[in-house]
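Visitor: Predicted structure and sequence below. I'll ask about it afterward.
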Amino acid sequence: GQQLNQSPQSMFIQEGEDVSMNCTSSSIFNTWLWYKQDPGEGPVLLIALYKAGELTSNGRLTAQFGITRKDSFLNISASIPSDVGIYFCAGLAYSGAGSYQLTFGKGTKLSVIP
Amino acid sequence: SAVISQKPSRDICQRGTSLTIQCQVDSQVTMMFWYRQQPGQSLTLIATANQGSEATYESGFVIDKFPISRPNLTFSTLTVSNMSPEDSSIYLCSVLGGSVRNGYTFGSGTRLTVV
């Protein structure tokens, strides 16, 4: 099956610093999604990317869909304590007959030191 | 996007028993998905639940262990049967919101601990 390599696995940063994480794959995806999961909650969609090269922002978050369609990155600028959580990339691929397959990365656990 | 209510939010169960998790969506959706998230791990798809037909299970998951019901377009249940401590995980239901462009929406999850 398809696999996503997400890095880094975890990171500790000072409040106010910028953060960058990325996902790579050997497979092509139609859509890249970035989710955040807070403790005790389900993942919440942050950003969705639909075409190669697309660069999309959502507040302090910026994500890009790689030109090769095999990678994506997420940047968080000027981190704040509430950015703490686990960030997952997910690749969506069309698997035929109107169905899609969603593959998740292993997550990046972000800790922000006040 | 769709709003998903999932319950129970957490439970502690004895080994050998079964737990049924419910997922209610505020709109009609064709496909509902059940995921498992083991401690410190990513999300793994268990099965896709289609209304009016049997669920489609991913490799490594079987109907006898994880029976699924999908009686209508807004509701589904997942049962974790004959539980063992290895089944301790977060179980999440998810729907594809409207169109692929809206991404997948997740419930808040059921945190299951088997003792």
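Guide: Received, thanks.
Visitor: What distance do you get for the nearest residue to residue A:28 once chain neighbours are set aside to residue A:29?
Guide: Closest residue in space to residue A:28, ignoring its immediate chain neighbours: residue A:69 at 4.5 Å, by Cβ to Cβ, 6 or more residues apart in numbering or on different chains. Bear in mind the C-beta positions are built from the backbone N, C-alpha and C, glycine included. Relative to residue A:29, residue A:69 is positioned 6 Å away (Cβ to Cβ, to the nearest Å).
Visitor: the more surrounded of those two?
Guide: Shown here are residue A:69 and residue A:29; by other Cβ atoms under 10 Å in any protein chain shown, residue A:29 has more neighbours (27 against 20).
Visitor: what element comes up after the helix-or-strand element of chain A with minimal mean pLDDT heading to the C-terminus?
Guide: Within chain A, no helix or strand scores below strand A:99-104, which has a mean of 84 by mean pLDDT, DSSP states H and E. Using DSSP states H and E, the next helix or strand after strand A:99-104 towards the C-terminus is strand A:108-113.
Visitor: dump the residue contacts of residue 12.
Guide: In the absence of a named chain, chain A is used. A:111, A:113 (Cβ atoms under 8 Å, 6 or more residues apart in numbering or on different chains).
Visitor: Chain B, not that one
Guide: Residue B:12 touches B:113, B:114, B:115, counting by Cβ under 8 Å, 6+ apart.
Visitor: Show me the strands in chain A, by range?
Guide: Listed in chain order, the strands of chain A (DSSP state E) span A:4-7, A:10-14, A:19-25, A:31-37, A:44-49, A:55-58, A:61-65, A:71-76, A:85-96, A:99-104, A:108-113.
Visitor: could these go into TSV alongside distance to residue B:95?
Guide: Listed next are these as TSV, based on distance: least, Cβ to Cβ, whole Å:
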stretch	distance to residue B:95
strand A:4-7	21
strand A:10-14	30
strand A:19-25	23
strand A:31-37	14
strand A:44-49	12
strand A:55-58	21
strand A:61-65	22
strand A:71-76	23
strand A:85-96	14
strand A:99-104	12
strand A:108-113	25
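Visitor: Worst mean pLDDT among the ones you listed?
Guide: When these are compared on mean pLDDT, strand A:99-104 scores lowest, with a mean of 84.
Visitor: Kindly indicate the member of the contacts of residue B:12 with the most neighbours.
Guide: residue B:114 (19 neighbours).
Visitor: what sits opposite it in the beta ladder?
Guide: On the basis of DSSP bridges, residue B:114 is bridged to residue B:13.
Visitor: what residues are up against it?
Guide: B:12, B:13, B:14, B:15, B:83, B:84, B:85, B:86, B:87, B:88.
Visitor: Produce a ChimeraX select command limited to the buried residues of those residues.
Guide: A single ChimeraX command is used to select the members of the contacts of residue B:114 judged buried by 16 or more other Cβ atoms under 10 Å in any protein chain shown:
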select /B:13,83,87,88
